Structures are given as C-alpha cells and as structure tokens.
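> generate a structure from the sequence data that follows.
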Amino acid sequence: MRPFVSSYRLDTDPTGLAELYLRIREAATWWSVKACSPDPVACLRSPELKPARLPTEEHHWPDNAVVRDSVEFVARRRRELLNAVPVSLLSLDSAMDQCRFLGHDLGLCTYDDLPYSSTPFFDHQDNAGWNSWLQCIPAVAFGSAVLLTLSWIPVTFVEIADHGLCTSTDCVFWVDPETIRPTIYPSD
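So this is what the prediction gives:
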C-alpha cells in the first residue's frame, strides 16, 4: 500500500470543514445505500450523479472552475437524492472508518493514462469515479497554493485504487486522514 502523502496542508476555513464533514457522511451513506457490484466503474460512476461537463479521453479539464463546478454538482445532487429517501446519514466516525481519502492535484497531473491503464478505478484523466468526489479544497504543497480534489474511497476499492496509484505520477495520492479528522467533532 502506498504511504500517505503529508506534503499537502489543507487550507480550509471552519465553514469549509463543516461542509466537508457533512459531505464525508453523505458519501458514506450514498455508498451504503447504493453499493452494488465489485466493479468500480459501475459503483463509482452512477448516471444520476454524472456531472454535465467531464473531460473526454482526448481533452483535459479546461480549468479549475470547471473542476470545482463538476465536484459541486456531484455533492449537491448526492445531497438532493439522499434527502429524497428516508435514510439517516452515517456518523462522521463511521464514515471516516469506512474509507481512505484520495487527493488529486490537477496542477501535477500529466494526463499520462498510467493509473487508468492499470485499473478501471481511474478514468483517462486520473480521476476517481465521480460518486466519490467530496470537495475541491485549496491546499498548500511545497510552498505553493494548489487546488486539491478530495475523494472518499470505500475500503472495498482501496486495493484496486492503490494499484493505480503505484503506476501514477504524484498527482494522485492517499491523503493522511489525520489532516482531515477533526479534533472536536461537529454534532452529527
């Protein structure tokens, strides 16, 4: 298993963290309600959460605004669909215990297809399935400001995702959960 990357510091205000914690709970609950086959393509790319704008195999993300809009669409749509069914959100502890967090620094991405070529968990642009997207978070890495796409990866897919990470450049990596885990928990 690839180690956590600790060279990133999340630059999120308390309001952003509260929203991130809610999205973690929603992603875990979505997974518990929608978990299907062991196929990551089917389970992590639900048609009902598919963002309107995705890069094609030949094109990269046009800019950070489109990435942010796509991630926000997924989070908003997941929340709407969960609110439409009688389900209680999992606790933050439970949600964090059922996953690993994946970071994707688009600024370092070379779009080399390496993670995709080794596992269908990733697409051609090194993205995890959109069902797992949580939030675009400003971060600082090596003294520079970056935009990090953070994803919630169910433990079921950690091994297959890790296989893709082993072939990847450093743009996709495991995020140390201690950089995310709150020291004081918001109320569930």
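
> the spatially most central residue of the chain is in what secondary structure piece?
When Cα atoms, centre = their mean is applied to the chain, the residue found nearest the centroid is S151 (1.1 Å). Following DSSP states H and E, one finds S151 within strand 144-154.

> and that strand, what's buried?
The neighbour-count check on strand 144-154 (16 or more other Cβ atoms under 10 Å) flags 146-154 as buried. C-betas here are computed from N, CA, C, even on glycine.

> for those residues, give me a markdown table that also has pLDDT and distance to W30.
Compiled in a markdown table, these are given as follows (pLDDT from 0 to 100; distance: Cβ to Cβ, whole Å):
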| residue | pLDDT | distance to W30 |
| --- | --- | --- |
| V146 | 75 | 27 |
| L147 | 80 | 23 |
| L148 | 83 | 21 |
| T149 | 87 | 17 |
| L150 | 90 | 15 |
| S151 | 92 | 12 |
| W152 | 92 | 9 |
| I153 | 90 | 13 |
| P154 | 88 | 10 |
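
> residues in contact with the strand holding S151?
8, 10-11, 20, 23-24, 27-28, 31, 35, 64, 67-68, 71, 95, 98-108, 127-128, 132-140, 161, 175, 180 (Cβ atoms under 8 Å, 6 or more residues apart in numbering).

> the spatially most distant residue from the centre of the chain in helix, strand or coil?
Computed with Cα atoms, centre = their mean, the residue of the chain farthest from its C-alpha average is P86, at 24.8 Å. Look at P86: counting by DSSP: H, G, I helix; E, B strand; the rest coil, its state is coil.

> just use 7 as the starting number from now, easier for me
All right, first residue 7 from here; so that's P92.

> after the least confident helix or strand in the chain by mean pLDDT, next one along is what?
One helix or strand of the chain scores below all others by mean pLDDT, DSSP states H and E: helix 120-124, with a mean of 53. Using DSSP H and E, the helix or strand that follows helix 120-124 towards the C-terminus is strand 139-147.
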